[in-house]
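K.L.:
Here you go, sequence then predicted model.
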Amino acid sequence: MNPQDWSDRYRSHNTKWDLGHSPLGLEAYIAKLSERKKIQIPGCGRGYEIMDFHKAGHDVIAIDFSEGAIEEARHVIGPLADAIICDDFFEAPLEEGHFDLCYERTFFCAIPLEKRRDYGSRIASLLNKSGLLMGVFLYGKPDPDGPPFPMTKEDRERFIEPFFSLLFDERDHNGLPVFNENEERWQIWQKR
Ligand SMILES: C[S@@+](CC[C@H](N)C(=O)[O-])C[C@H]1O[C@@H](n2cnc3c(N)ncnc32)[C@H](O)[C@@H]1O
């Protein structure tokens, strides 16, 4: 889907992937962060998590290439939507090595299959040496008719493991019906 397709979905409220709040579990994770962090959120959608990271004192730069998503984010998080850059995550002029943490929910499974090869290197390039990638990832059988395009074990080996090692992996039991045939997993990855 191109940015216009995503915007059409947001403007018509055809957003079955949207939880309506941050994933359960994020609050507890944020509570454990000891210092002020620089956070990157690709494909942030309505941006609930921007508010949660911001409330806890962290600096967030989020990205979404859909104007419709950002309009919606303005309704949900008000002026905090200024933290969203409207651009393609793979091309936006972000500072390399700047971020401590990249958080995402259902972004990997939203990008076209041919973009997957750029995912790990792009995120790793934006993170500092000890940076982390964390969030909710959709696993399941390959589905060329997505999005969503669930991640398989092979995808993970090809596209994420060359750049990150897995620190934490747990099933998320608070998933949405739209993802039911698949499996949402909380994962934390350490940059190699
Ligand atoms: C499935 S939605 C997830 C939104 C949000 N993370 C959530 O959990 O509700 C995927 C989002 O990624 C955005 N997106 C897809 N490809 C993108 C790209 N290349 N650059 C920036 N945003 C992108 C879409 O506009 C959409 O808002």
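P.N.:
Nice, I can see it.
K.L.:
only C-alpha atoms for contact and neighbour calcs from this point on.
P.N.:
Noted.
K.L.:
Let me know whether residue 184 touches residue 176 as I believe.
P.N.:
No. Proximity of residue 184 to residue 176 does not meet the contact threshold set by C-alpha atoms under 8 Å, at 9.0 Å.
K.L.:
what about those two, which has more around it?
P.N.:
The neighbour count for residue 184 versus residue 176, taken as other C-alpha atoms under 10 Å, is higher for residue 184 (25 against 13).
K.L.:
Could you find the closest non-adjacent residue to the more buried one?
P.N.:
Residue nearest to residue 184 in three dimensions, not counting chain neighbours: residue 138, with 4.5 Å by C-alpha to C-alpha, 6 or more residues apart in numbering.
K.L.:
In the lengthiest strand in the chain, which residues are buried?
P.N.:
Among the elements of the chain assigned as strand by DSSP state E, the one spanning the most residues is strand 127-139. Within strand 127-139, the residues scored as buried using 16 or more other C-alpha atoms under 10 Å are 127-128, 131-139.
K.L.:
Same list, those, but as a markdown table with distance to residue 102 and pLDDT please.
P.N.:
A markdown table is the format used below for the buried residues of strand 127-139 (distance: C-alpha to C-alpha, whole Å; pLDDT from 0 to 100):
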| residue | distance to residue 102 | pLDDT |
| --- | --- | --- |
| 127 | 7 | 98 |
| 128 | 10 | 98 |
| 131 | 8 | 98 |
| 132 | 6 | 98 |
| 133 | 5 | 98 |
| 134 | 6 | 97 |
| 135 | 8 | 96 |
| 136 | 12 | 94 |
| 137 | 13 | 95 |
| 138 | 16 | 93 |
| 139 | 19 | 94 |
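K.L.:
Now render those residues as TSV, adding distance to the ligand.
P.N.:
Formatted as TSV, the entries for these read as follows, by distance: C-alpha to the nearest ligand atom, whole Å:
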residue	distance to the ligand
127	17
128	21
131	20
132	17
133	14
134	12
135	10
136	8
137	10
138	10
139	13
